Each structure stands twice: as structure tokens, then as C-alpha cells.
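Participant: Structural data only, the sequence is not supplied:
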């Protein structure tokens, strides 16, 4: 079958200029003479030239970028049975480039290329089944198409097949199989597979836990610019997991990830500045990085930024800002922020004193096991502040807090 498809493809491409007779784009910028020859061949009906010209218009390579022109040339080649063009045309429909987005048409063209054994189209068809785009959602079909592509060594399909095994979608959950497929893709340089394989080693999922191997795979992904891997590598250096403890290296990797917008890395970089670990202590820098993460919705950063405003560290004291940031974190379920917001209400700092609101926020934190909140909620019950006085409730919350010095309640 593969030889037959190759023979058909060669037949489709016999009229192409020599430099453009590959199934895939050369990814080079043609000279003016080459472009003239390519266009002439495409207009004569040579499918490879049509596909190549479509790629050039899609990517602005040697011609101004023009998705409508890319779509038009891909369609000419696809209608002649050119598998790469059929896959490309499916992609244009999927993303709405040069044509109205149409998932059903995307599926139809992916299916044509997939039926010819084209691995990228098989993988794309698997994705459409997995997400239920253009076809009813069907994980078993997704697995089937991913597997066809993966067995052709297509790295994206190997990665996706690993993910399906990891999540138990379309197949029984099997971490060992996930590791096997991630490894195949990772060894081909697939960045997400490298990160996920590192994570599997870190967690001991499907493979014996091995922090050194985790670091090795994180490093490969981090070198390709993956922010999650850079963050994980920073954690490894900060904690001395899989590498010698090295705060300077931790800061360097956190910074790489933070500059790409990783909220978790921005928070950790802020924390390193606040503690003077790996960098000179600089609370203004800590605040700056906490703010970046907080504005992305990171609850730890929001809580920490509230604390910095409360203490006047790296920023002027500002009770209203304290309350605002604690509230953002508290509403996400952050127990420390819930307790601190309760405290602000109890003390009337940055907000009108309101024991009932204090009780509300103490309770939320207390129910998550925060011992300070449990004790202070007990005290509100003992004194009848914000809640009806209830010595039994007070005693229960005092008991949960583990405090031995318990106020009298009568």
C-alpha cells in the first residue's frame, strides 16, 4: 500500500520543478525564477506545485501571506488526491484560515488523507474524534486513528496516544503504556512528551520514581523553551531533587518560565526575591513578580501580595489593597487568605469592622483545617460576636485548633 501511494504521489508531482518535488514543503524561500517556474507548474495542474504554492501563501514564504490563496491552491491539489494537500485543506477548514471554519469539512479532508495512510491526517482525525469536532465525540475512534499514526512513528500521535492512556480515555488507564508512548515521542524531540515523561518519572507513574531522569527530560523540554519544564527544573534546583540544590539555578529557570508568562514561576520567583534566595533580597521585585502572577489569577500570589500590602514590604501599606487581594484569593478557596480576610473584618482594617463577615471567612478557612481560623472562630462563638453565643460550638472549634489555652465560655 505504501509503495502504491508513493507511486501515485510521484505521478502527481512529475510536472513540478525539481526543487519542489518533495511531498512536504522544502521550507526554503524560492528565488524569483523558482517561484515563476513553480507557479507555471501549478497552473498546469501539477499537484505538488499547487501544494507547495499553498504552503508558501500560508506561511508568507516568498510571497505575501494570504490564507485565501493558500486555501485555493491546497484545494486544487487536494482534489487531485494529494495527501499532504488534503491534510492541509482540512487544517484550513479546522482553523477557519482562508475559508469559514467548518469542522465537518475538516474531518472530510482529514479522512481522505488518512485513508491514504498519511500519518499527520490520521493524528488530526484522532483529535477531531477526541474533541467531538465535526464528528460525534468518540474516544475509541480517537485511539484507533492515533494508533495508526503512532505506529508510523508520528510523534504528535505518539504523544496523544500516551495522553489517552494516562487519562484512561478510550482505553483502560495504563500509566506504563502512557510512559511507553511518551518516550517514543520524547525521543523524537516532542517537547510536550519530554515534559510529560519527566513528570511521570517525578511522580513514579508507570515507571519507578527517578528524580534524575525527571530532571533529564525536563531539561530537554526546557531547552526547547517549554515554560512548564523550566518551572519544574527550577523546582528541582530549589528543592535539590534530581540535581544538587542550587538557588541561583532555580532563579534562572524560574525567570525563563516567568518571562513567558507562567504564573506559578512568577510567584516562585517573587518568593525567591522575598527570601533572598539565589538573588539579593528585594521586596520591591518580590511585589512586582507577585503582582504579575496575581493578575493572572494565581491564588498564592494574590494572598502573598495582600500580605506585602499589609506589612508595607516592597510597597506602601494599604488596607484597602490588602482586603482586595485577600478577597481574590479567598474566593478561590485559599485558606490562608480566607483567614486573613476574616481577620481584616474582625479588626476593621481596610474594611468596616464586621464580625459576621469575619465569622463567614473564618469558617471557610477553619473547614479546610486552618488552626488559626478554628481558634478565632471558637472565640467568636465564645463571645457571641457575629454569631449567636454557643459554648458547645466554641469548645468544638477550640478542640479542633489543638490549642491548650482555651478561653472560658459561660
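Facilitator: That came through fine. All values derive from a computational prediction rather than experimental measurement.
Participant: Only C-alpha atoms from now on, for both contacts and neighbour counts.
Facilitator: OK.
Participant: right, and residue 154 touches residue 122 too?
Facilitator: No: if you go by Cα atoms under 8 Å, residue 154 and residue 122 don't touch, sitting 9.6 Å apart.
Participant: Between those two, point out the one with more neighbours.
Facilitator: residue 122 (29 against 21; other Cα atoms under 10 Å).
Participant: tell me which element the more buried one is part of?
Facilitator: For residue 122, the host element (DSSP states H and E) is helix 119-131.
Participant: just checking, what packs against that helix?
Facilitator: When contacts are defined as 3 or more Cα pairs under 8 Å, 6 or more residues apart in numbering; DSSP states H and E, helix 119-131 packs onto helix 103-115, helix 139-150.
Participant: ok, residues contacting the helix or strand following the last one?
Facilitator: Same thing as helix 139-150. The helix or strand immediately downstream of helix 139-150 is helix 155-167, counting by DSSP H and E. The contact list for helix 155-167 (Cα atoms under 8 Å, 6 or more residues apart in numbering) reads 123, 143, 146-147, 149-150, 170-175, 177-182, 184-186, 188, 190, 192-193.
Participant: List buried residues within these.
Facilitator: In terms of neighbour count (16 or more other Cα atoms under 10 Å), the buried residues within those are 123, 143, 146-147, 149-150, 170, 174-175, 177-182, 184-186, 190, 192-193.
Participant: Which of these fall within strands?
Facilitator: Cross-referencing the buried ones among the contacts of helix 155-167 against strands under DSSP state E gives no overlap.
Participant: on that earlier part again, please convert the helices and strands packed on helix 119-131 to a markdown table, extending it with distance to residue 272 and mean pLDDT.
Facilitator: Below are the helices and strands packed on helix 119-131 laid out as a markdown table (distance: least, Cα to Cα, whole Å; pLDDT from 0 to 100):
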| stretch | distance to residue 272 | mean pLDDT |
| --- | --- | --- |
| helix 103-115 | 46 | 98 |
| helix 139-150 | 42 | 98 |
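Participant: low pLDDT regions in this protein?
Facilitator: Applying pLDDT under 70 to the chain flags residues 1-12, 14-27.
Participant: Tell me which residue is most central in it.
Facilitator: residue 228 (7.4 Å; Cα atoms, centre = their mean).
Participant: Report how many residues lie close to the residue lying closest to that residue once chain neighbours are set aside.
Facilitator: Distances taken as Cα to Cα, 6 or more residues apart in numbering put residue 257 closest to residue 228, at 7.1 Å, once the chain neighbours are dropped. By other Cα under 10 Å, the residues close to residue 257 number 27.
Participant: Give me the buried positions along the helix or strand where residue 257 lies.
Facilitator: Taking DSSP H and E as the definition, residue 257 sits inside helix 247-259. Using 16+ other Cα under 10 Å as the test for burial, helix 247-259 gives 247-258.
Participant: Does anything pack onto it? Which helices or strands?
Facilitator: So helix 247-259, by 3+ Cα pairs under 8 Å, 6+ apart, packs with helix 227-239, helix 263-275.
Participant: Kindly recompute the last result at 10 Å.
Facilitator: helix 211-223, helix 227-239, helix 263-275, helix 283-295 (3 or more Cα pairs under 10 Å, 6 or more residues apart in numbering; DSSP states H and E).
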